[in-house]
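Colleague: heads up, no residue letters with this:
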C-alpha cells in the first residue's frame, strides 16, 4: 500500500508497510499510481504527453528497484504475526496513579469534572499507592522498565504521598531489578521551588498544563471562582522549563472550537521560551459549545500547515521548538509489534483510583462497566481484559487499510467508546486530524533533509 | 537515484523477528526503540 500527497511544495510517497518515505519529482508522482496495474509500455503511453520517453523509462527502473528492495509496494503480512504476539501472557508495565481526585482549577473541558471523575473528592493514601506499586512489580513479569504517572485531578494537592511513593519505588526497584520511570502532570498552581527540585531529581518527564494565549487559557482554565490561571502559572512554568534545561517536559494545552486559530497559541508558547510544546484537540460531546465539529476541519488543516511551515522556519533560524504531534522518528521508531498493538490500555497499562480500583486507562475511570479489579486482589474482570487485548489495528475496520495505522496504532479506545459505544471504532474527527498531522510531520522531515543536503 | 530520494533506510518488516520486547515507553510515531 502506498500513500502519496503534496505538501508545502514536496511530493511525498509513503510506502505504508515498510515505513519507507520517498520525496519524488513530478514524473514519479504521476507514475506511482500506475505502476502496479500497467506494463511499462502502457505507462509510457499514458505519460508521454507530459514527459520525455527516456525519463519515463529511467523513472520506471527506479521505482522497480525500490519495489524489489522492499521499499515500495510492500505487502502487509503482519496480521497473523500480531495475533500471535497478542496471545502472549499479559504483563503490566505502566500505571496511571490517580493520586488526587480533587483539583484547584475548574477547567471547562476536563473529562474528570473538576478532578472528581464522576465520584467523590479523594486523595490516595500512601498505603493504597504502595499496594499499587507492589501490584505493578508482581505483575510485570520479566519487564524491567516500569512506568508510574502521577495524575489527577491535581497531583500536587497530594505531594507528600507522591514523594513517599517515589522513595518506596526507588527501594523496590533495587530489590526486584526494575527501573521505575516516574512522571508528573500539574496545572502549576501549587508549583514551587521544592516541587521543582524534587521533580528535577526524580521525574523523567513533567507535563505542565497551559492552553496558550492568556485569553484562551483563562477562558477554559479558570479557578473555581472564575479568575484566570495564566498570570500565576506562566512565570513558574518558565522557571521550571529552564531548570530542566528545556528538555524532559511538555507545556501541554488543549484547543477547542473557540480557538480554531490554535497555531497562534503554539507560537505564543514558543515565544514565551518553551521548547517542548503540545497543543491538542479537545475531545468533547457534540452538545458542548467548545466541541470541535466536522466543519471546523478545513481551518484546522490550514492551521497545521501553517504551524508546520513555522516549525521549519524557526529551525532554520536557530530558534527551534518541538511540537509533540509533529515529532516522528522515521529511522529509529518502534517495532511493528508496538506500532500495531498501541498504548496497551486495559492490559499493559492501567489506571488506579485513590481507593485502589483498576480501570483500563484514566479516561475510563468512574465508568463502572470498565472496573477491572483492584490493587490488592488484582484484575478480576478478565473478560474485559481480553477485549482490550484483542483491540489492535486489524480489529478496527476503519484502520485496517489506513495509511496512518503504523503511526497512530488505531487511535484511542476511550474516544471510540465515548463516541460509538465500543472500543473497536474510531473517533472520526480525531482520526482525520491525526492523518493530517502525520502528513505534516513527514513533510517537515523532508524539508529538513533538504537543508542537510540529502535531497 | 535521479527521480526519487529516500529519507530513511529502516524497514518495518525487519523489526518483526527482533521486535516485541515491550521495554519501550507507553505511547507511537515519535518514540524510539530502546532495544535496538
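Modeller: The structure has been received and is ready for your questions. None of these values were measured; they are calculated from a predicted model.
Colleague: Low-confidence ranges, the chain, go.
Modeller: Just going to use chain A. Flagging of chain A using pLDDT under 70 yields the residue ranges A:86.
Colleague: Can you look at chain B instead?
Modeller: B:28-32, B:34-36.
Colleague: For chain A, give me its nearest residue in it.
Modeller: residue B:19 (2.6 Å; Cβ to the nearest Cβ). Backbone N, C-alpha and C define where each C-beta goes, glycine included.
Colleague: number of nearby residues for that residue?
Modeller: 20 (other Cβ atoms under 10 Å in any protein chain shown).
Colleague: can you check the one 3 residues further on too?
Modeller: Counted with other Cβ under 10 Å, the burial measure for residue B:22 works out to 22 neighbours.
Colleague: Correct me if wrong: it contacts residue A:349.
Modeller: No. Shown here, residue B:22 and residue A:349 do not form a contact pair, counting by Cβ atoms under 8 Å, at 11.4 Å.
Colleague: Are there residues contacting both of these two? Which ones?
Modeller: Common contacts of residue B:22 and residue A:349, defined by Cβ atoms under 8 Å, 6 or more residues apart in numbering or on different chains, comprise residue A:93.
Colleague: ok, residue 2 - contacts?
Modeller: Picked chain A for this. A:13-16, A:32-33, A:72-73.
Colleague: my bad, chain B
Modeller: Counted by Cβ under 8 Å, 6+ apart, residue B:2 has contacts A:58, A:62.
Colleague: Doesn't the residue of chain B closest to chain A belong to a helix?
Modeller: No. Read with DSSP: H, G, I helix; E, B strand; the rest coil, residue B:19 is coil and lies in no helix.
Colleague: Now it: closest residue in space that isn't a chain neighbour?
Modeller: Nearest-residue entry for residue B:19: residue A:335, 2.6 Å, with adjacent residues in sequence omitted and distances by Cβ to Cβ, 6 or more residues apart in numbering or on different chains.
Colleague: Now do residue A:181: how many residues are near it, please.
Modeller: Around residue A:181 there are 17 residues (other Cβ under 10 Å).
Colleague: three-state assignment of it?
Modeller: strand.
Colleague: residues in contact with it?
Modeller: A:145-148, A:204, B:25.
Colleague: thinking again about what came up before, dump the residue contacts of the residue nearest to residue B:19.
Modeller: So residue A:335 contacts B:12, B:15-16, B:18-20, B:33 (Cβ under 8 Å, 6+ apart).
Colleague: any idea how far it lies from residue A:405?
Modeller: Look at residue A:335 and residue A:405: by Cβ to Cβ, to the nearest Å, they are 14 Å apart.
Colleague: Could you do residue A:20 as well?
Modeller: 15 Å.
Colleague: number of nearby residues for the closest residue to residue A:357 other than its chain neighbours?
Modeller: Closest residue in space to residue A:357, ignoring its immediate chain neighbours: residue A:374 at 5.2 Å, by Cβ to Cβ, 6+ apart. Number of residues near residue A:374 (other Cβ under 10 Å) recorded here: 19.
Colleague: in the sheet, who's paired with residue A:374?
Modeller: residue A:357, residue A:378 (DSSP bridges).
Colleague: how about it, what does it touch?
Modeller: Applying Cβ under 8 Å, 6+ apart to residue A:374 gives the contacts A:355-358, A:380.
Colleague: picking that back up, for ChimeraX, write the selection for the buried entries among the contacts of residue A:335.
Modeller: To isolate the buried ones among these in ChimeraX, judged by 16 or more other Cβ atoms under 10 Å in any protein chain shown, type:
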select /B:12,15,16,19,20,33
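Colleague: any chance of the contacts of residue A:335 in TSV, plus distance to residue A:309?
Modeller: Formatted as TSV, the contacts of residue A:335 follow (distance: Cβ to Cβ, whole Å):
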residue	distance to residue A:309
B:12	29
B:15	32
B:16	36
B:18	37
B:19	35
B:20	38
B:33	30
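Colleague: can you give me the end-to-end distance of stretch A:27-41?
Modeller: 15 Å (Cα to Cα, to the nearest Å).
Colleague: buried residues in that stretch?
Modeller: Buried-residue list, stretch A:27-41, by 16+ other Cβ under 10 Å: A:27-32, A:35.
Colleague: how near is the nearest residue to residue A:242 once chain neighbours are set aside to chain B?
Modeller: For residue A:242, ignoring the flanking residues on the chain, the nearest one in space by Cβ to Cβ, 6+ apart is residue A:273 at 7.7 Å. To chain B, residue A:273 is 22 Å away according to Cβ to the nearest Cβ, to the nearest Å.
Colleague: list the contacts for residue A:273?
Modeller: Contacts of residue A:273 (Cβ under 8 Å, 6+ apart): A:238, A:241-242.
Colleague: so is it in a helix, a strand, or just coil?
Modeller: Residue A:273 - assigned by three-state DSSP - is coil.
Colleague: next one: residue A:5
Modeller: Quick answer, by three-state DSSP: residue A:5 is strand.
Colleague: Give the bridge partners for it, please.
Modeller: For residue A:5, the beta-bridge partners under DSSP bridges are residue A:12.
Colleague: my guess is it contacts residue A:22, does it?
Modeller: No. Look at residue A:5 against residue A:22 with Cβ under 8 Å: they stay out of range, at 12.0 Å.
Colleague: Quick one: check the longest helix seen in chain A for contact with chain B.
Modeller: Counting by DSSP state H, the longest helix found in chain A is helix A:428-451. Yes. Counting by Cβ under 8 Å from any Cβ of the partner chain, chain B is contacted by helix A:428-451 at A:438, A:441-442, A:445-446, A:449.
Colleague: Stretch A:92-111 too?
Modeller: Yes. Using Cβ under 8 Å from any Cβ, stretch A:92-111 comes into contact with chain B via A:93-94.
Colleague: Just among the residues of helix A:428-451 next to chain B, which is most surrounded?
Modeller: Within those, most neighbours by other Cβ under 10 Å means residue A:442, with 26 neighbours.
Colleague: Any buried residues in stretch A:214-230, and which?
Modeller: The neighbour-count check on stretch A:214-230 (16+ other Cβ under 10 Å) flags A:216-222, A:228-230 as buried.
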